[in-house]
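Asker: Sequence first, predicted model second:
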Amino acid sequence: MNHNDPYLWLEDLNDKKVLEWAYEQDRIAREHVRASSERLYGRLLQLYEEPLPYAFRVTRTGYIYMVRGRDYRLRIRYRDGEERDIVSSENLGPDAIISWYAARDEGDVVAYYHSSGGRDVGFLDVVDIESGELIDRIEGSVHGIVFLGRDRFYYSRFYRSGKCPDGVSAPCDRVFLRSSGKEEMVFGAGIPTSNFILVKSSSDMGSALITISYGWHRSRIYFGDLLRPESWVEIYGGDFVSHPIDRVGGCVLIVTYDQGGMGRIACISDSRVEEIVGERDEHLSSAAILDNVILAVYTDKDYCYSKIHYYSVKGDLLGRYIPETPSTINLYMDRGFEGEILVEMTSYVQRYRVLRIGRDLSVGVIAESRRLEDIDIDHGWARSHDGARIHYFIVGKRGSKPSRIVLYGYGGFGISLTPNYYLWSIPLIED
C-alpha cells in the first residue's frame, strides 16, 4: 500500500468528510454537464434504444440470438431467412430483463433466465420454441444449462445465503439434474465456499467439461462421462485460470494461463499435458473449436485490437483473420456446430458485426449495424508515472480540429480496454 497516496483517506466511507467531499464533487459535476446533458439527452436516448443483437448461437433449426433495445427479446432466424421473436421481456412482467439463454442443438427448446429489474434471483423458463409451451420453470439464482433432452438437463444453482444442501456455507454453487420437473443434486458436494461451478458438454454430447472457479485468478477443470456425474474428476488446475474448450478424440483441449499469464492451448490426455499452441507475447483472450480447427483470439501486441489465428489440433498455424478496422472479437460459443461458428465484433465506428466462419474458414457477414463515416482512428503509446507503457486510441471526426478531449480508461481485474462502440461518445465525436 502506498501511504503517500493523497487520496487514501477517501477509502474510509464512514468518515463524514469523505461523504461531504463526494456530495460536493457530485454537485460540481452535475452543474458542469447540465447544459450539455439537456441538449444531448434525446439524442443519446435514441442511440441507446437502437436494437442491439448479440449472443448468437447456431442450432439445426437456425440462429438464436438476443436483442436489447427498449426491451429484451430472444429471437430465432430460421434457415430460410424468416425471423421472429421467441419471447419478449414485455410479456414477462414489469421491468423484466432477460439475462441469458441456452438452447438445444436441435433448435427446438430454449431456456432463458429473467428477473425483475435484473435482480439476483429470478426464473429460468424452459419453453418449446415453436408452440411457446412452458415445459419447466425454476425459481432462484441458476446458470449453466446443459440439455440432455427436451425436459431433462443439468443446471447450477447458486446459494447466496444460508447453506448448500451438503452443509457448506454460502456463497456456493451446486449442480442439479432436472428431469420432468423433479431434481437431485449430482455434483459439488464438499466444494468449499466461494467456488463457482460451470458445466458444459463436449460437441459430441459424450463428455462433461466442468470449470470450478475461485474468484478471478484460480480455477480447476473436471472431466467425465456426461451421463455419469460420479465419474467427473479433476484433470487440471492450480493457482491460475484454466478452462476447457472441447474434447477432440481422446484429448481435452483447454486454455490455460499457467505460465506467464498470456495464455496457451494444451491437450490433457491420460493425466499428461501436451502443449498445442505455446504462450506468445500477445494475450490469448479466448478460443473455440470448429470441426478440427482451433480459433484463437489474440490481442495484437502493437495495435491492441483483436485478431483470430487458425490452428490445427496439432498446433500448426493455418491462417489468420485480421479485421479491416481495429475491433474487439467476442466468441459467444466456444465450439462450432455442423460446420459453422458465429463471431461477434464491435469497433469504434460500428456497434456490431456478426460473422459466420465456415469449416473451410470462409468468412461472411450475417448481421451488422450502420457504420460511422468520416471518422479517423489513430493510436499510440504513453508512459505512466511508474514507467508502465499504456496504449491509447484517438478517435475523432475526420478533418476536425478539436479543442477538447474526453479521456476514458480502465484497468481493473486484469481487463484492458479494446476497441468498442461507446454510445455516449458518438454525439461528442460527430459534433
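Answerer: Right, received. Where do you want to start? Residues are numbered from 1 along each chain as shown.

Asker: Tell me the predicted confidence for Gly414.
Answerer: pLDDT for Gly414: 67.

Asker: now do Val343
Answerer: The per-residue pLDDT reported for Val343 equals 96.

Asker: Chain neighbours aside, what residue packs nearest to it?
Answerer: Spatially, and ignoring its direct neighbours in sequence, Val343 is nearest to Leu355 (4.5 Å; Cβ to Cβ, 6 or more residues apart in numbering). C-beta coordinates here come from the backbone N, C-alpha and C atoms, glycine included.

Asker: Next: Leu423.
Answerer: Using Cβ to Cβ, 6+ apart, the nearest residue to Leu423 is Leu47, at 4.8 Å.

Asker: picking up where we left off before, in what helix or strand does the residue nearest to Val343 lie?
Answerer: Per DSSP states H and E, Leu355 falls inside strand 353-358.

Asker: Can you name the residues that contact Ser312?
Answerer: Residues in contact with Ser312 (Cβ atoms under 8 Å, 6 or more residues apart in numbering) are Asn292, Val293, Ile294, Leu318.

Asker: Could you double-check that the first one sits in contact with Val248?
Answerer: So that's Asn292. Yes. Between Asn292 and Val248 there is a contact at 6.9 Å, judged by Cβ atoms under 8 Å.

Asker: Find the residues that touch each one of these two.
Answerer: Common contacts of Asn292 and Val248 (Cβ under 8 Å, 6+ apart): Val313.

Asker: between those two, who's got more neighbours?
Answerer: More crowded of Asn292 and Val248, by other Cβ atoms under 10 Å: Val248, with 19 against 12.

Asker: Beta-bridge partners for the more buried one, please?
Answerer: Bridge pairing for Val248 (DSSP bridges) gives the partners Cys251.

Asker: Hmm, it is touching Tyr311, no?
Answerer: No. Val248 lies out of contact with Tyr311 (Cβ under 8 Å); the separation is 12.0 Å.

Asker: Need the residues touching each of these two.
Answerer: Here Val248 and Tyr311 share no contacting residue, scored by Cβ under 8 Å, 6+ apart.

Asker: before we move on, back to that, is it fair to say the residue nearest to Leu423 lies in a strand?
Answerer: No. Looking at Leu47 with DSSP: H, G, I helix; E, B strand; the rest coil, it is helix, so not inside a strand.

Asker: mind listing what the spatially most central residue of the chain touches?
Answerer: Among the residues of the chain, Tyr332 comes closest to the average C-alpha position under Cα atoms, centre = their mean, at 6.3 Å. Counting by Cβ under 8 Å, 6+ apart, Tyr332 touches Tyr54, Ala55, Phe56, Arg57, Leu342, Glu344.

Asker: With Arg57 instead?
Answerer: Arg57 neighbours (Cβ under 8 Å, 6+ apart): Tyr63, Ile64, Tyr65, Ala103, Tyr332, Met333, Leu342.

Asker: Widest-spaced pair of those residues?
Answerer: Ala103 and Leu342 (12.8 Å; Cβ to Cβ).

Asker: Show me how the record splits this structure into domains.
Answerer: As assigned by automatic domain parsing, the chain contains the domains 1-48, 53-124.

Asker: tell me the SS of Asn14?
Answerer: Counting by three-state DSSP, the backbone at Asn14 sits in coil.

Asker: How about the contacts made by it?
Answerer: Contacts of Asn14 by Cβ under 8 Å, 6+ apart: none found.

Asker: buried residues in the helix or strand of the chain with the lowest mean pLDDT?
Answerer: Every helix and strand in the chain was compared by mean pLDDT, DSSP states H and E; the lowest is helix 426-430, with a mean of 85. Buried residues in helix 426-430, counted by 16 or more other Cβ atoms under 10 Å: Ile426, Leu428, Ile429.

Asker: Check stretch 262-274 too.
Answerer: Using 16+ other Cβ under 10 Å as the test for burial, stretch 262-274 gives Met262, Gly263, Arg264, Ile265, Ala266, Cys267, Ile268.

Asker: Just the ones of those residues in strands?
Answerer: Secondary structure assignment by DSSP state E places Arg264, Ile265, Ala266, Cys267, Ile268 of the buried residues of stretch 262-274 in strands.

Asker: quick check, nearest of those residues to Cys172?
Answerer: Using Cβ to Cβ, Ile268 is the member of those that lies nearest Cys172, at 26.0 Å.

Asker: tell me the contacts of the closest residue in space to the closest one that isn't next to it in sequence?
Answerer: Spatial nearest neighbour of Ile268, excluding adjacent residues (Cβ to Cβ, 6+ apart): Val252 at 4.4 Å. Contact analysis of Val252 by Cβ under 8 Å, 6+ apart lists Ser207, Leu209, Ile221, Phe223, Ile235, Pro244, Asp246, Cys267, Ile268, Ser269.

Asker: Buried ones from the residues you listed, can you make that a PyMOL selection?
Answerer: In PyMOL, this line selects whichever of the contacts of Val252 come out buried by 16+ other Cβ under 10 Å:
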select buried, resi 207+209+221+223+235+244+246+267+268
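
Asker: Just put the contacts of Val252 in CSV and tack on pLDDT and distance to Ser116.
Answerer: Converted to CSV, the contacts of Val252 look like this (pLDDT from 0 to 100; distance: Cβ to Cβ, whole Å):
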residue, pLDDT, distance to Ser116
Ser207, 97, 37
Leu209, 98, 33
Ile221, 98, 35
Phe223, 97, 37
Ile235, 97, 40
Pro244, 97, 34
Asp246, 96, 36
Cys267, 97, 45
Ile268, 96, 42
Ser269, 93, 46
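
Asker: Out of the contacts of Val252, flag the one nearest to Val121.
Answerer: Checking the contacts of Val252 against Val121 by Cβ to Cβ gives Leu209 as the nearest, at 27.1 Å.

Asker: What is the three-state secondary structure of the nearest residue to the closest one once chain neighbours are set aside?
Answerer: Nearest residue to Leu209 in three dimensions, chain neighbours excluded: Pro244, at 3.9 Å (Cβ to Cβ, 6+ apart). Under three-state DSSP, Pro244 falls in the strand class.

Asker: I figured Pro244 hits Ile265, correct?
Answerer: No. Between Pro244 and Ile265 there is no contact under Cβ under 8 Å: 11.0 Å.

Asker: quick one on the thing from earlier: make sure the residue nearest to Leu423 is actually in contact with Ile429.
Answerer: No. Using Cβ under 8 Å, Leu47 is not in contact with Ile429, being 11.9 Å away.

Asker: list residues touching both of those two?
Answerer: Shared contacts of Leu47 and Ile429, defined by Cβ under 8 Å, 6+ apart, are absent.

Asker: The chain: helices as residue ranges?
Answerer: Ranges of helices in the chain, per DSSP state H, are 16-48, 426-430.

Asker: ok, and for the longest one, which residues are buried?
Answerer: To tie it back to what came earlier, the one meant is helix 16-48. Quick answer for helix 16-48 (16+ other Cβ under 10 Å): Leu40.
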